[in-house]
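J.: take this sequence and fold it.
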Amino acid sequence: MLPVLDIVGPSHKTFFDCLSKRQALSSLRQIQKLLSGQEAAYLQSLRTMNKKLNLLQNTLTRQVSKLNETCPKLEVPNNGRKLGSISAVGHEVHFLCEKGFELVGSETRVCQESHSWSGQQPFCRNINECAKSPCLNGGTCVDDVNRFVCMCARGWSGTYCQNSVYSYWTSQTNSSFSRQPHCANMQGSTQCTCDEGFQITGRDNRLCQDLDECELYYSGRLPRLCAHACVNTPGSYRCTCPPGYSLRGDQRNCKDVDECASRQHNCSRDELCVNTFGGFQCVRPDCPRARQNTSYVKTSLLRCERNPCPMDNKACAQAASSISFSYLSLVSNLSVPRVLFRMSAARVHGDSLRFGLLGGRGRGHFSLQRSDRLTGELVLVSRVLGPAVLEAELEMTELEKKTVLARFISKVTVFISQYDF
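T.: Reported below is the predicted structural model:
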């Protein structure tokens with residue numbers, strides 16, 4: 001037999017069988033690689049989906065937690081305003097009233113960790129202008145909307161019944177206050193007239209007597225003639241003003257003389273001249289003395305800045321960063337409430353501001369309120385009879401998460417005149 005037959009026979013069949021196994025193994029390996037790749041992509045998708053689910057869960061958890069950390073919504077008081085709309089823990093809400101009303105309750109409320117507000121819910125109460133008894137010398141006060149009227153007892157006049165009817169009444173009794181009448185015979189009868197400002201007295205019509213306008217004014221039979229003093233003159237009258245004032249063009253009212261601007265003062269070079277109604281004051285604002293490694297330097301006539309603090313000196317760090325001085329002039333018995341001074345921040349580095357009234361002479365005449373988030377207002381809440389000097393010390397504190405970042409002090413001095421003009 002030919003050897004070729006052996007090759008073509010059983011040997012040829014075994015060769016093809018071996019190729020099929022290799023192909024199968026290669027296919028299996030390719031399938032395995034494909035499955036491994038699919039498995040990896042599937043696992044990556046699962047991991048990505050798991051991350052997204054965790055992120056969504058955390059977000060929802062924080063939102064639910066945040067909802068649980070807020071305080072109940074606060075109502076706006078009638079005739080008032082509420083400053084601040086965030087009710088999360090640590091945030092403040094401030095309240096103020098419209099003109100003619102006063103705040104009763106907490107001016108500032110803080111959302112506490114117990115999810116309740118500090119203080120009491122405030123309300124705005126109508127100010128009774130007669131509560132301070134502004135009418136003097138037995139006058140009766142009649143309260144009105146945002147104002148009052150004094151009904152004066154006999155012998156007194158003025159907005160507050162502060163003027164005696166005859167306090168400034170000056171008259172003269174010489175012959176110039178009486179004149180002969182001008183008489184003419186008219187159809188068989190004699191008719192006499194007087195010069196302007198005179199009137200006939202007596203039945204015989206033989207004398208014209210001066211009409212005393214000042215007496216008529218102070219007795220209430222004429223409207224107000226003079227802001228200050230009325231001096232009767234023959235046939236007329238004239239008004240005068242106290243020292244420190246001059247007569248206006250209407251010859252009735254008085255205007256203040258600015259002694260500082262006109263250099264009619266005796267203040268030294270180290271002093272500041274402050275014009276007041278009816279006078280002036282010489283002031284010299286000084287920086288606080290150095291203590292506990294805290295010192296100040298004067299950066300302007302009305303401002304002191306704190307010098308840099310030593311390392312780890314808490315007393316110095318908690319002292320005021322700056323102290324400013326302000327001087328105001330008011331007339332006597334000024335109507336109230338009245339905003340006198342505003343203290344505000346140009347920019348804020350912390351998350352909140354607090355305003356406080358530290359003290360000063362006549363502190364009971366003042367209150368402190370907010371006009372907005374960055375501004376505090378010093379308000380005169382009661383009438384003050386002059387002459388008087390009042391002082392108020394305002395504090396503005398900048399905080400970050402209830403930690404004090406900086407404090408600023410404004411010292412306000414108010415000079416009140418003896419007169420109401």
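J.: for the rest of this, base every contact and every neighbour count on C-alpha atoms.
T.: Will do.
J.: which residue ranges of the stretch 301-421 of the chain form helices?
T.: Taking DSSP state H, counting those that start in this stretch as the criterion, the stretch 301-421 of the chain contains helices spanning 314-317.
J.: beta-bridge partners for Leu380, please?
T.: Arg338, Phe366 (DSSP bridges).
J.: touching, it and Gly362? I think so.
T.: No - counting by CA atoms under 8 Å, no contact exists between Leu380 and Gly362, whose distance comes to 10.5 Å.
J.: burial check on the nearest residue to Leu334 once chain neighbours are set aside, number of neighbours?
T.: Once flanking residues are discounted, Leu334 sits nearest to Arg383: 5.9 Å by CA to CA, 6 or more residues apart in numbering. Using other CA atoms under 10 Å, Arg383 is surrounded by 18 other residues.
J.: look up phi and psi at Arg383.
T.: Recorded main-chain torsions at Arg383 are phi -70, psi 150, according to degrees, to the nearest 10.
J.: that one and Ser326: what is the separation?
T.: According to CA to CA, to the nearest Å, Arg383 and Ser326 sit 20 Å apart.
J.: repeat that for Thr201.
T.: Computed with CA to CA, the distance linking Thr201 and Ser326 is 59 Å.
J.: repeat for Lys132
T.: Remark: distance between Lys132 and Ser326 (CA to CA) = 27 Å.
J.: again with Asp372
T.: Applying CA to CA, the value for Asp372 to Ser326 is 21 Å.
J.: point to the helix or strand of the chain where mean pLDDT is at its lowest.
T.: The helix or strand of the chain with the poorest confidence is helix 3-6; it has a mean of 36 (mean pLDDT, DSSP states H and E).
J.: what stretches of this protein score poorly on pLDDT?
T.: Low-confidence regions of the chain, defined by pLDDT under 70, span residues 1-19, 61-68, 142-146, 149, 151, 154-157, 163-176, 202-205, 218-221.
J.: tell me how it divides into domains.
T.: In terms of domains, the chain is parsed into 16-68, 260-416 (source: automatic domain parsing).
J.: nearest to Phe123, out of those domains?
T.: Shortest separation from Phe123 across the domains of the chain is recorded for domain 260-416, at 13.8 Å, computed as CA to CA.
J.: the closest one: how far from the chain's middle?
T.: The gap between the average C-alpha position of domain 260-416 and the chain average comes to 13 Å, counting by CA atoms, centre = their mean, to the nearest Å.
J.: and the end-to-end length of it?
T.: According to CA to CA, domain 260-416 extends 17 Å from its N-terminal end residue to its C-terminal end residue.
J.: for Leu399, see how far away Leu405 is.
T.: Distance of Leu405 to Leu399, computed by CA to CA: 5 Å.
J.: more neighbours, these two?
T.: Taking Leu405 and Leu399 together and counting by other CA under 10 Å, Leu399 has the greater number of neighbours (18 against 15).
J.: ok, now which ones touch the more buried one?
T.: The neighbourhood of Leu399, defined by CA atoms under 8 Å, 6 or more residues apart in numbering, consists of 350-354, 405-406.
J.: 6 Å - rerun?
T.: Taking CA atoms under 6 Å, 6 or more residues apart in numbering as the contact definition, Leu399 lies against 350, 352, 405.
J.: which one of the residues you listed is nearest Thr70?
T.: Nearest to Thr70 out of those is Ser352 (CA to CA; 17.4 Å).
J.: tell me how many other residues crowd that closest one.
T.: Ser352 has 18 neighbours, counted by other CA under 10 Å.
J.: what's the closest non-adjacent residue to it?
T.: Ser352's closest residue in space is Leu399 (CA to CA, 6+ apart), at 5.4 Å.
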